[in-house]
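J.: Here is a sequence together with a model predicted from it:
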Amino acid sequence: FTRQAEMIYSELKEYHQLYDIYNSYEGVDNIKTVNEQAGIAPVKVDRRIIDLLLFSEEAYETAGGKVNVAFGSVLKIWHDYREAGTEDPGRAALPGTDLLEEASGHTDIDQLIIDEQATTVYLADPKMSLDVGAVAKGYAVEQVARAAEENGFASLLISVGGNVRSIGTRDDGAVWKVGVQNPYEQGGADMTRVGLKDASLVTSGIYERYYTVDGKNYHHIIDPATLYPADYFLSVSILCPDSGLADALSTAVFNLPFEQGLALIESLPDTEAAWVFPDKQVRYSSGFQNHITD
Ligand code: ADP
Ligand code: MG
């Protein structure tokens, strides 16, 4: 067990370094490096970065632009205001719309130039930056799970901060049982539990990262249409085989009105979702409840 756990841990750590947008690591050209070289030069990167970004482009297409890794310029503003407002709540403020709108002019994913042959990434717009926060964790967990499976793991549950991916069933043959956190109860009681077999469950919610301005909470998922935190739901949970897709969809569907999100989910094979509304009402896609367990 220790050997296997360490293998998974060290692989996840490599992904973490590659996909980091805040920190640099000795001898590693990561996404932060790509951002620093925006408008300057293509950066030669590890194949795992190329694959993440290609996957992110697909997710952008699938979700009609509601999850955009090229949204870094806008997300950075919210991140900075959130940090400042968390450190000094008395002076917490909202970013001005002028500032947000100026930044949103530099979020065109077509300016993300990926050269698969040369394994380089170039941001053609010098004011653009990548933020892979909506996809990287789930994508990395998916890749590590697949590698583990190839290495003979037959029964495994990986849980990385809200992203759960299972392989096979439990040792006793029963499905893995995973709780969906209740978004309106601090401390995280389960809202419901689902059984997972070779599947993943990913939740995006308002309760993980936010700050408070004039008594109102502002969380970390930003709707590209309004440049403000989306307020349709308290949380959205996605259930599907691929944890990378589940992560991308959890963010995208959070930014979509219910009917549109439902239509998107129903159009995708083996994909289910649960929405929690601000009035605590819960709605499910057509097959979600088949997975609910005690
Ligand atoms: P969690 O942080 O709990 O994994 P998500 O998967 O929803 O939740 O990712 C949220 C992160 O995604 C934010 O912190 C930010 O970095 C990024 N993000 C927020 N809004 C968007 C968006 N519209 N498109 C792409 N990335 C986003
Ligand atoms: Mg996500």
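T.: That came in fine, so what should we check first? Numbering: from 1, shown residues only. Ligands and ions are numbered 1, 2, ... in the order given.
J.: residues contacting residue 140?
T.: Contact analysis of residue 140 by Cβ atoms under 8 Å, 6 or more residues apart in numbering lists 12, 15-16, 19, 52, 160. C-beta here means a position set from N, CA and C on the backbone, and glycine is covered the same way.
J.: Let me have the residues you listed in JSON lines, extended by distance to residue 103, secondary structure and neighbour count.
T.: JSON lines is the format used below for those (distance: Cβ to Cβ, whole Å; DSSP: H, G, I helix; E, B strand; the rest coil; neighbours: other Cβ atoms under 10 Å):
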{"residue": "12", "distance to residue 103": "31", "secondary structure": "helix", "neighbour count": "16"}
{"residue": "15", "distance to residue 103": "27", "secondary structure": "helix", "neighbour count": "20"}
{"residue": "16", "distance to residue 103": "26", "secondary structure": "helix", "neighbour count": "16"}
{"residue": "19", "distance to residue 103": "22", "secondary structure": "helix", "neighbour count": "22"}
{"residue": "52", "distance to residue 103": "23", "secondary structure": "helix", "neighbour count": "25"}
{"residue": "160", "distance to residue 103": "29", "secondary structure": "strand", "neighbour count": "17"}
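J.: hey, where'd the strands end up in the stretch 1-150 of the chain?
T.: Ranges of strands in the stretch 1-150 of the chain, per DSSP state E, counting those that start in this stretch, are 43-44, 112-115, 120-123.
J.: which of those strands sits most buried?
T.: Comparing the strands of the stretch 1-150 of the chain by mean neighbour count (mean count of other Cβ atoms under 10 Å), strand 120-123 comes out on top with a mean of 21.
J.: Just checking: what are the partner strands of that strand?
T.: strand 43-44 (antiparallel), strand 112-115 (antiparallel) (DSSP bridges).
J.: Run a quick neighbour tally on residue 275.
T.: Neighbour count of residue 275, defined by other Cβ atoms under 10 Å: 23.
J.: nope, residue 201 is what I meant
T.: Neighbours of residue 201 (other Cβ under 10 Å): 28.
J.: again, but for residue 104
T.: The burial count for residue 104: 18, using other Cβ under 10 Å.
J.: Residue 23 too?
T.: Residues near residue 23, counting by other Cβ under 10 Å, number 10.
J.: Redo the contacts of residue 140 as JSON lines? Include pLDDT and distance to ligand 2.
T.: As requested, the contacts of residue 140 are exported to JSON lines (pLDDT from 0 to 100; distance: Cβ to the ion, whole Å):
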{"residue": "12", "pLDDT": "97", "distance to ligand 2": "17"}
{"residue": "15", "pLDDT": "98", "distance to ligand 2": "15"}
{"residue": "16", "pLDDT": "98", "distance to ligand 2": "16"}
{"residue": "19", "pLDDT": "98", "distance to ligand 2": "13"}
{"residue": "52", "pLDDT": "98", "distance to ligand 2": "13"}
{"residue": "160", "pLDDT": "93", "distance to ligand 2": "12"}
